[in-house]
Structures are given as C-alpha cells and as structure tokens.
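Generate coordinates for the sequence data below:
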Amino acid sequence: MRIAFIVGQFPSLSQTFVLRPIIGLLDRGHDVEIFAHSPGKDPMTHDDIERYRLVQRTRYLNTRADRATGMGRFAKRAGLLIANFHKNPKAVLKTLNVSRFGNSALSLGVFSTVTPFLDKAPFDILHCQFGDLGKLGLLLKDTGLLRGKLITSFRGYDISSFTNRHGEHIYQDLFSRGDLFLCVSEHIKAKLVRLGCDPRKIIVHRSGAEVKKTTSPLSDVRSNGMIRIVSIARLVDKKGLEYGVQAVANILKRRRDFEYNIAGAGPLRDRLQSLINELNAGDHIKLLGWKTQAEVAELLKASDILLAPSVTTDTGDEEGIPGVIMEGFAQGLPVVSTYHAGIPEVVKDRQSGFLVAERDADALAERLEQLIERSELRLAMGRNGRAFVEEHYDIDKLNDRLVKIYRQLLDGELPHIAPQFRISPGFS
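Sure, this is the predicted structure:
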C-alpha cells in the first residue's frame with residue numbers, strides 16, 4: 001500500500017504515536033510518505049528518524065511563498081504556479097475555482113497548500129494524524145489529488161480545546177466525507193458521536209508501546225534505598241505537573257527518602273522551577289529537560305513510580321491517553337494519575353496504580369506515599385500494569401491491526417475490527 005501521513009510537526013520527540021506506526025508500516029513493506037506543516041523544533045530526534053531516513057520521506061507544506069506577506073506572498077505563489085503547472089494541470093485548475101474556494105483560490109492559497117502533492121503517485125490511504133488536519137484531506141479530495149481513502153485520527157486537543165475554540169460544528173464536513181475515524185480512547189469516541197460522527201465510521205485504535213524491548217523487574221532492585229518518582233511530559237498546563245510538584249513537596253515535610261525527576265521541556269519550565277524553589281524542594285525535585293527516547297527508557301527503568309497528574313485546562317484542553325503511561329507499565333512501574341479523559345480506561349485504580357481527582361495535590365501525595373512505603377505494592381501494581389500492556393498495547397500487534405484496518409477499508413467495507421479490550425465495570 002501507498003500511505004501518506006499528514007502531521008503538524010515532524011520529527012517530534014513527544015509524538016512516538018506517529019513515529020511508531022510509520023516504522024511499523026515500513027517494516028511490513030508498505031510505502032509511506034510524510035507531509036508535515038513544519039519541521040520539529042526539538043533539540044534532538046529519535047534514532048529511528050535517521051535509521052529509516054524519514055526526513056528524506058518528508059515534504060513540508062509551509063512553503064517559502066506562504067511565509068511571505070502581502071503582494072510578495074502572491075508573487076511567490078504565482079511563480080510557484082508557473083513552475084509547477086505542468087505537473088498536474090487538471091488539479092492546478094481546480095485549485096483556482098473561485099466559486100468553490102472563494103478568496104483562497106484568488107490568493108492562490110489552495111494551490112500553494114496542495115503543491116507538494118502535484119507530482120505524487122496516487123495514495124491508497126491518506127491518514128491525517130489529528131482532527132484539525134482532516135481539512136487538508138478534504139481539500140485533496142476536492143482537487144482530485146486524493147483518490148484513495150481518507151482516515152483521520154483524534155487524539156485529545158483536537159476534540160477538546162480546538163472544538164471549544166472553533167465550535168462544535170467544525171468537523172461536520174469531515175464527518176460526512178471522511179471515510180474512517182480512529183481515536184485513542186472510548187472517551188474520545190463518545191465525544192465524536194456526540195458531535196455528529198457516525199459511530200459505524202469510528203474505531204478505537206490505541207497508541208502502543210515497544211513491549212518486547214523492555215523487561216519488567218521480578219524484584220524491587222531499582223532504588224538502593226532511594227525511591228525515584230518520575231514524570232515524563234511536555235511542560236504544558238494539561239500535564240498537571242504543578243500539582244505533582246506540590247504533592248511531592250507535601251511528602252517532603254514528613255520524609256526525605258525519595259526524589260522526583262521531571263523529564264521534558266516546554267513553556268512552563270520557569271514557572272515550575274520557581275514553584276520548586278518557593279517550596280524549598282530543589283534538593284529532591286529536578287527538571288531534567290529534553291531526553292531522547294533511549295534516555296527516557298533508561299530513566300523509566302531506573303525509577304519506581306510514574307506520576308502523570310493530567311488536568312483539563314481552563315481552555316478545555318485534554319489529553320487523549322498519555323503514551324508514557326504505557327511506557328511505564330511496560331517497565332513494570334505503578335502509575336499514579338487522575339480521573340482525566342481516557343486515563344481510567346488503562347489505569348485500573350488500586351490494581352495497576354492509583355487514580356485521584358484532577359488538581360488534588362493532597363490526594364496525589366497520599367497515594368504516592370503509600371507506594372513509597374510499600375515495595376510489595378509497587379511490585380504487584382507494576383506486574384498488573386505490565387500484563388495489561390503486554391496484552392493490549394504491544395505496538396507490533398497494533399501495527400498489524402492498523403494494516404488490517406487499512407485493507408478492509410480499501411476492500412470497500414467499513415472495517416469490522418474487534419475492540420482491543422472492553423471497558424469493564426471495574427474501570428472508573
């Protein structure tokens with residue numbers, strides 16, 4: 001199959017949920033091309049980016065013409081049109097249809113957007129990796145540049161803060177003309193249905209972990225007396241890290257036999273560091289900055305507890321399900337998290353970890369302290385989490401499932417794929 005992935009930034013350290021399916025498809029012999037709006041801004045990349053030469057497979061949609069302004073932008077787009085008209089005259093003429101595209105046609109905006117696709121052989125599947133990218137798939141359909149199937153994945157912000165900002169009808173055209181919609185949780189599926197998407201066109205397809213590359217410890221051999229709590233996240237509001245810091249500082253009033261490491265970067269770094277300093281917790285709470293995927297794996301391996309205190313932001317932004325939870329489970333870590341979005345679908349309270357209400361630093365502290373005190377509880381919960389992710393979140397199994405979804409759709413039917421697992425009454 002020829003498959004196009006439409007993404008925002010590429011490569012991006014935090015988006016292993018995009019990288020791993022691409023690699024899985026390539027390993028299975030499929031032809032994958034990547035179309036990104038902009039290059040990633042991370043100071044480092046995954047080793048697999050170079051190993052699979054993925055930058056060479058990537059075309060960027062934000063052209064120099066689009067970065068210009070006013071008449072300069074129009075002149076650059078006109079030059080681009082003259083240089084590329086021969087590649088696909090029929091499609092280029094469709095981009096100039098003012099009755100259909102209005103000012104975007106007059107300004108050559110539609111043409112500029114689809115230029116990277118003009119000389120491409122037909123794709124069987126065009127897979128938009130976030131809901132707000134689905135409009136590009138529709139544009140490619142309208143200009144005749146997509147004759148295959150259009151799939152759109154929904155992952156979190158695109159069905160929370162984005163719809164709050166743009167209105168609940170923002171996806172109606174996509175729901176009508178898109179061929180299939182994937183989402184990472186039942187929580188998001190329910191939102192899609194509420195917004196008007198046909199439930200028969202929705203499949204819950206979760207983001208996997210590299211289970212086979214990790215091993216869970218059989219005994220409590222990690223810490224040598226010092227318990228290590230870890231969070232791995234972008235430093236943004238919805239990760240709830242300030243509540244993690246407050247919880248740990250609360251415990252530090254009673255005991256000092258642990259440390260808390262936060263790996264990641266983002267706009268809240270200075271604010272978090274100020275909070276750590278204000279709470280006099282700098283000796284036990286460290287902001288580690290960006291880490292490669294290999295470094296993240298080593299950090300998890302050396303830790304005892306994973307803390308993921310996610311929250312819904314003031315703008316309504318939500319997680320899907322943080323991928324680091326599955327990475328932590330794969331390493332045999334118990335998880336302390338919140339009743340947020342799809343998290344309760346994977347963290348079973350009191351079995352593979354603890355769940356508390358959002359923004360409740362005292363409850364986080366209580367649950368963390370239980371795990372600090374009881375090594376047997378950490379191990380038992382870690383084993384339960386490892387068993388769960390082995391069965392339901394193995395990326396190899398999920399990539400096989402994705403190929404099956406693609407093939408069924410290409411065979412002219414809505415995919416009839418069994419759920420990865422059913423949410424039982426035991427899940428809160």
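
Can you tell me how far the closest residue to Asp362 other than its chain neighbours is from Phe181?
With sequence-adjacent residues excluded and distances taken as Cβ to Cβ, 6 or more residues apart in numbering, Asp362 is closest to Asn250, at 6.7 Å. Backbone N, C-alpha and C define where each C-beta goes, glycine included. To Phe181, Asn250 is 42 Å away according to Cβ to Cβ, to the nearest Å.

Please apply the same query to Ile285.
Using Cβ to Cβ, one gets 40 Å for the distance from Ile285 to Phe181.

More neighbours: which of the two?
Neighbours were counted for Ile285 and for Phe181 using other Cβ atoms under 10 Å; Phe181 has more, 26 against 22.

List the backbone torsions phi and psi for the more buried one.
phi -130, psi 130 (degrees, to the nearest 10).

Just list what the helix or strand harbouring Asn261 packs against, helices and strands only.
Asn261 is part of strand 258-263 when elements are defined by DSSP states H and E. Secondary-structure packing of strand 258-263 (3 or more Cβ pairs under 8 Å, 6 or more residues apart in numbering; DSSP states H and E): strand 227-232, helix 241-252, strand 285-289, helix 293-301.

Quick one: those as a markdown table, columns for distance to Phe130 and mean pLDDT too.
Listed next are the helices and strands packed on strand 258-263 as a markdown table, based on distance: least, Cβ to Cβ, whole Å; pLDDT from 0 to 100:
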| stretch | distance to Phe130 | mean pLDDT |
| --- | --- | --- |
| strand 227-232 | 21 | 98 |
| helix 241-252 | 23 | 98 |
| strand 285-289 | 26 | 98 |
| helix 293-301 | 21 | 94 |
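
With distance to Gln15 as new columns, can these be given to me in TSV?
Listed next are the helices and strands packed on strand 258-263 as TSV, based on distance: least, Cβ to Cβ, whole Å:
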stretch	distance to Gln15
strand 227-232	14
helix 241-252	19
strand 285-289	18
helix 293-301	11
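
can you tell which of the ones you listed is closest to Ile151?
Ile151 lies closest to helix 293-301 among those, at 25.5 Å (Cβ to Cβ).

ok now that closest one, how far from the chain's centre?
Between the centre of helix 293-301 and the centre of its chain there are 18 Å (Cα atoms, centre = their mean, to the nearest Å).

contacting residues around Leu275?
Glu242, Val245, Gln246 (Cβ atoms under 8 Å, 6 or more residues apart in numbering).

May I ask which helix or strand encompasses it?
Remark: Leu275 resides in helix 269-278, with elements defined by DSSP H and E.

so that helix versus strand 285-289, what angle?
160 degrees (axes from the mean of the first three to the mean of the last three Cα atoms, to 10 degrees).

got a list of contacts for stretch 47-58?
Residues outside stretch 47-58 that contact it (Cβ under 8 Å, 6+ apart) are 10-11, 19, 22-23, 26, 32-36, 292-294.

In strands only, show me the residues you listed.
Among the contacts of stretch 47-58, the members found in strands (DSSP state E) are Phe10, Val32, Glu33, Ile34, Phe35, Ala36.

Just give me the closest of the residues you listed to Ile395.
Distances from Ile395 to the ones in strands among the contacts of stretch 47-58, taken as Cβ to Cβ, are shortest for Val32 (15.5 Å).

tell me the domain ranges of the chain?
Split into domains by automatic domain parsing, the chain comes to 2-62+121-204, 211-391.

Reformat those domains as TSV; add distance to Arg401.
Compiled in TSV, the domains of the chain are given as follows (distance: least, Cβ to Cβ, whole Å):
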stretch	distance to Arg401
domain 2-62+121-204	9
domain 211-391	13
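
ok, and the most crowded of the contacts of stretch 47-58?
Phe10 (27 neighbours).

residue contacts, the residue lying closest to Glu259 once chain neighbours are set aside?
In this structure, Glu259 finds its nearest non-sequential neighbour in His284, 5.1 Å apart by Cβ to Cβ, 6+ apart. Counting by Cβ under 8 Å, 6+ apart, His284 touches Val248, Leu252, Arg256, Phe258, Glu259, Tyr260.

For PyMOL, write the select line for the buried members of these.
Remark: buried members of those, expressed as a PyMOL selection using 16 or more other Cβ atoms under 10 Å:
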select buried, resi 248+252+258+259+260
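
of the contacts of His284, closest to Arg177?
Tyr260 (47.5 Å).

Model confidence at the closest one, what's the number?
Tyr260 carries a pLDDT score of 98 in this model.

which residues does it form a beta bridge with?
Ile229, Ile285 (DSSP bridges).

That one against Ile227, yeah?
No - Tyr260 lies out of contact with Ile227 (Cβ atoms under 8 Å); the separation is 9.6 Å.

Which parts of the stretch 301-428 of the chain are helices?
323-330, 361-373, 375-392, 395-410 (DSSP state H, counting those that start in this stretch).

For Val193, find the nearest of those.
With Cβ to Cβ as the measure, helix 395-410 is the member of the helices of the stretch 301-428 of the chain nearest Val193 (18.7 Å).

got the angle for that closest one vs helix 323-330?
Using the same axes, to 10 degrees: helix 395-410 against helix 323-330 is 130 degrees.

Now do helix 395-410 and helix 375-392, the angle between them.
30 degrees.

Show the average pLDDT along helix 395-410.
97.

quick one: contacts of that helix?
Contacts to helix 395-410, defined as Cβ under 8 Å, 6+ apart, come from residues 1, 3, 20-21, 24-25, 27-28, 30, 124-125, 148-149, 151, 179-180, 182, 203, 205-212, 414-417, 420.

Looking at these, which are in helices?
If you go by DSSP state H, those have Arg20, Pro21, Gly24, Leu25, Asp27 in helices.

Compare those residues and tell me which has the most neighbours.
That'd be Pro21 among the ones in helices among the contacts of helix 395-410, by other Cβ under 10 Å, with 24 neighbours.
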